[in-house]
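1. I need the structure of the sequence given here:
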Amino acid sequence: MVFLGDGEFDGVNLQETIEDYGWKYVFRTGININIFWEDYELSCGDLAFHLKPGEWIGIPDVLFTNEKYGLVMLICWWREGCEKPIYLVTNMDSVEDAYAYYSKRFRIETFFSDQKSRGFNIHKSHLSDPKRLSRLLIAACLAYIWIVYLGVLCMRDGWNKIIHRKNRCDLSLFQLGLRLLDHFLNEGLPIHVAFQIPH
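-> Model prediction:
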């Protein structure tokens, strides 16, 4: 199991919990985070002074933050075409493996935005209790699947030409599904539900 996350997930407590489960993780971290390596105290940003676009550096056996959590690996990676490098913290042994896994995180960015600002706004729930939050996430994920189903229905049955553009479609299935649901509700049309749990 590999846990991927952006800078909101780089806390020491979460890293420790994931380590206790025996999982691997790769998290983005901040330029100002302090690290301790051998006899040096550095900030993540200090690593970028030695890099050019297209280069990376991985430092194993780092103590992370002023809490000195670790040993972990810190990676500074300056991708071609990017204005500045990114910083990753991981419990993996290979820089290439860590970066390959972290690169997959961007494939799910649309899901995050659909769950948050472009869709269900779950980030505004203000829930802090883990059980309540997990229930909300389960409900939001089931709703997400249903809305995507409506998006597929929209494309299959030609509703997209009614609720969007006639000549082309540049919306995700989720956004189409939301618009179709809104259209059904506004027009008093029957809403298609196709949720079945196999026995």
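
2. Which parts of the protein are helices?
-> With DSSP state H, the ranges of helices along the chain come out as 12-21, 95-103, 109-115, 130-157, 160-163, 173-187.

3. Disregarding flanking residues, what is the spatial nearest neighbour of Asp182?
-> Using CB to CB, 6 or more residues apart in numbering and skipping the chain neighbours, the partner closest in space to Asp182 is Ile163 (8.0 Å). The way it works is simple: take the backbone N, C-alpha and C, and place the C-beta from them, glycine included.

4. dump the residue contacts of the one you found.
-> Contact analysis of Ile163 by CB atoms under 8 Å, 6 or more residues apart in numbering lists Cys154, Leu176, Arg179, Leu180, Asp182, His183.

5. And the pLDDT at it?
-> If you check Ile163, the pLDDT there is 83.

6. for the one 10 residues further on, same thing?
-> Predicted confidence (pLDDT) for Leu173: 87.

7. Gln196 too?
-> 64.

8. So for the worst-scoring helix or strand of the chain on mean pLDDT, what gets flagged as buried?
-> Lowest on mean pLDDT, DSSP states H and E among the helices and strands of the chain sits helix 109-115, with a mean of 75. Across helix 109-115, burial judged by 16 or more other CB atoms under 10 Å covers Asp114, Gln115.

9. any idea how far Asn167 is from Trp56?
-> 44 Å (CB to CB, to the nearest Å).

10. neighbour count winner among these two?
-> The neighbour comparison of Trp56 against Asn167 (other CB atoms under 10 Å) goes to Trp56, with 17 against 6.

11. The closest residue in space to Lys24 that isn't next to it in sequence and Arg168: what is the separation?
-> In this structure, Lys24 finds its nearest non-sequential neighbour in Val2, 4.7 Å apart by CB to CB, 6+ apart. Distance of Val2 to Arg168, computed by CB to CB: 37 Å.

12. Equivalent analysis for Met92, please.
-> 42 Å.

13. Who has more neighbours out of these two?
-> Shown here are Met92 and Arg168; by other CB under 10 Å, Met92 has more neighbours (22 against 7).

14. hang on, isn't that one packed against Val26?
-> Yes. Met92 lies in contact with Val26 (CB atoms under 8 Å); the separation is 6.7 Å.

15. shared neighbours, the two?
-> With CB under 8 Å, 6+ apart as the test, Met92 and Val26 both reach Ala98, Tyr101.

16. For burial, what's the neighbour tally of Ser43?
-> Ser43: 14 surrounding residues under other CB under 10 Å.

17. domain assignment for this structure?
-> 2-107, 116-187 (automatic domain parsing).

18. which other residues reach stretch 15-34?
-> Residues outside stretch 15-34 that contact it (CB under 8 Å, 6+ apart): 1-7, 9-10, 41-45, 48, 64-66, 69, 72, 74, 86-92, 98-99, 101-102.

19. Can you get me the start-to-end distance on it?
-> The first and final residues of stretch 15-34 sit 16 Å from each other (CA to CA, to the nearest Å).

20. Please give the centre-to-centre distance between it and its chain.
-> How far stretch 15-34 lies from its chain's middle: 14 Å, per CA atoms, centre = their mean, to the nearest Å.
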